[in-house]
Every structure is written in C-alpha cells, then in structure tokens.
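Engineer: Provided below for reference: sequence and predicted model.
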Amino acid sequence: MSPPFATRSTGRVFPPDNAAELAEELARRWSLRLGRRFEGGVVGLVLEAARADGTPVVLKVSAVDRETVHEGAALRHYDGAGAVLLLEADTELGALLLERAEPGWPLISLPEEESNPIAAALLRRLWKPPPAAHPFDLAADRAAEWAETVPREWERLGRPCERRLVDRAAALFRELGPTQDEAVVLHTDFHGLNILAGRREPWLAIDPKPLVGEPAYDAAGLVRDRRGALAADPDLARRLRRRLDFLTAELDLDRERLRGWSLALLVELGLWSLSVGDRTDAERELEIARLLATETA
C-alpha cells in the first residue's frame, strides 16, 4: 500500500482516494470489525471499529503531512493521561488505532462557564516536557516561518484585511518565537470539539498536532474557541477579556504573551481559511484578531 500523501497548494493534505481500501487492509492486519464513519473529519477517514474481543476502538487513516505525522508520537507521550490511548500505529500510512472515547460527546456541548475550567485543567495535564530525543517540530521554527509567509500570503490573497494587522502578526511571530522560556509538548489544536467525554477518564483530548514550545501557544486555542458564538456576541471584546483573564490566572500564563500568540495565530489561520475558500471562518478569525490587537482586549 502506498502512503496517503495528497498535498494541496496550501500545504494542507486531505484523505487519499484509497482511504477506504487502506482501512480494509488495516482491519485485516489488526483484526478489526469496521463500523460507521465519524463525520466532520478534514484530513482523515475516521471509523468506528471493534477488536476481535469486542473492545470498541477508532481507526483513523490520515493524509500524512507535517501536522499529522507525529500525532501518534504525541499520544504515546501523553500515555492516556488526559488523552485517548494509542493502541497501534503505522506512521508511513498515517494510520492510528485509538481508544474510543465513550459516550464521546464533545466538551463544546457544555456552556462556556462550565467547559472552560475543564478544558484548562485538561490542558495543564497534557503539558509535559518532551523527551530528550523527540521528533516534534519547534513552535519557534514555525513562528519564524510564519513571520515571513503571512505577509506574502496576504499579498497573494489580494490584501483581504488591513496591512497593520498583518504587520502586527508578523512582528509577534518574530518576537514570541525566540523568547519562549518553557518547552512542553503542545497539542496545538486544543478546543471544545477535540475534547470528548470518556469512561476511563471524564474527558479525553483527541487529534493533537504536536509542536514543542511554551504553554501560552496552546492556550490560544481556547481564546479563539467557539468562533461562531463569539461572532454573535454583541460584546465580543468583553468576552475576550474574560477569557484572557481566566486562562492567564488558571494556567499561570503571561497575559500579553497569551494575547500575542492568540492574535498572530488567528491572522495566520484567517488567511489559511481564505486560501481554502472559507470566507465565513476567515472573517470571524480576523475580527477576533482585530479586537485582540486593541487595548479593549
């Protein structure tokens, strides 16, 4: 079987045409009975499955790129403490066999005042120093890259937002990347849809896209979570202030570094959303970034 590479011009990759064929081959290899497909995946085919002894599991076949290639290594590093267990892996094929989180409903289904403390406590558990020899890319290197590519992408997309916002994001990437004073394995895609209710533990994180860097980088995912609800909030600036204040206190973070990472990553994400045709998400992301760039946040 060939590995499922399917690179797009944006640098993101999507499931290969033979994903179902790969899943059938992996089911034979790992003695699985395949079930229904989970909806909502972008870069992978994710299926309910059961092992020969009836244990419920999840089979995930992802396209392989720099964001997904070390997902299994991150889950192995977490070792089930706050995240789903990794049971089997074929890195070349982008295949993971995972513990199934049951009942599996997402944390985002709770009101924000209930979910934010749960998410923060779980995130703190995931932040462990990397092993001496690890495969993960560094947040500092990614930031240096984005400091260069964000302005170029803004030009390529026809200057879709004000230049000062792009300049601010690039400056923050240059400033924050090399000045981190703590190194942990970051999840980097930590939000309410990637935290599921479980039985082994009450809540389990899924879908890490690991980097090594400072905790404030990761907490930015919670600052921008529930973007649809944020967009509908008549006092968005106040809501952002409350999130920043809560996460700063709860996770013992520097508020300005948290705000800076949140702003810069939202601009990068907003431009990426535009590049794949998702104007609604892009507008939300750039509007949140504008507010974070002002003193009102």
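Structural biologist: Sure thing, it's come through. Predicted model, so just to flag it, every value in this text is computed and none were measured.

Engineer: Going by C-alpha atoms from here, please, whenever you check contacts or count neighbours.
Structural biologist: Noted.

Engineer: Excluding sequence neighbours, find me the nearest residue to residue 30.
Structural biologist: residue 51 (7.7 Å; C-alpha to C-alpha, 6 or more residues apart in numbering).

Engineer: how about that neighbour, what does it touch?
Structural biologist: 30, 31, 32, 33, 57 (C-alpha atoms under 8 Å, 6 or more residues apart in numbering).

Engineer: what separates it from residue 171, distance-wise?
Structural biologist: 50 Å (C-alpha to C-alpha, to the nearest Å).

Engineer: just residue 183 next, same as before
Structural biologist: 21 Å.

Engineer: quick one: which helix or strand includes residue 60?
Structural biologist: According to DSSP states H and E, residue 60 maps onto strand 56-62.

Engineer: could you give the mean pLDDT of the helix or strand following that strand?
Structural biologist: Using DSSP H and E, the helix or strand that follows strand 56-62 towards the C-terminus is helix 71-78. The average of the pLDDT scores along helix 71-78 is 97.

Engineer: same for helix 71-78, what does it pack against?
Structural biologist: Helices and strands touching helix 71-78, by 3 or more C-alpha pairs under 8 Å, 6 or more residues apart in numbering; DSSP states H and E, are strand 86-90.

Engineer: could you check the angle strand 56-62 makes with the strand it packs on?
Structural biologist: 30 degrees (axes from the mean of the first three to the mean of the last three C-alpha atoms, to 10 degrees).

Engineer: any idea how far the residue nearest to residue 30 is from residue 62?
Structural biologist: 20 Å.

Engineer: Where do the helices of the stretch 151-297 of the chain begin and end?
Structural biologist: In the stretch 151-297 of the chain, the helices defined using DSSP state H, counting those that start in this stretch lie at 163-176, 215-223, 227-232, 236-251, 255-275, 279-292.

Engineer: lowest-confidence helix or strand of this structure?
Structural biologist: When the helices and strands of the chain are scored by mean pLDDT, DSSP states H and E, helix 227-232 comes last with a mean of 88.

Engineer: what comes up buried for that one?
Structural biologist: 230, 231 (16 or more other C-alpha atoms under 10 Å).

Engineer: What of stretch 84-101?
Structural biologist: So, applying 16+ other C-alpha under 10 Å, buried residues of stretch 84-101: 84-86, 89, 91, 93-101.

Engineer: If anything else comes up later, I'll come back, but that's it for now.
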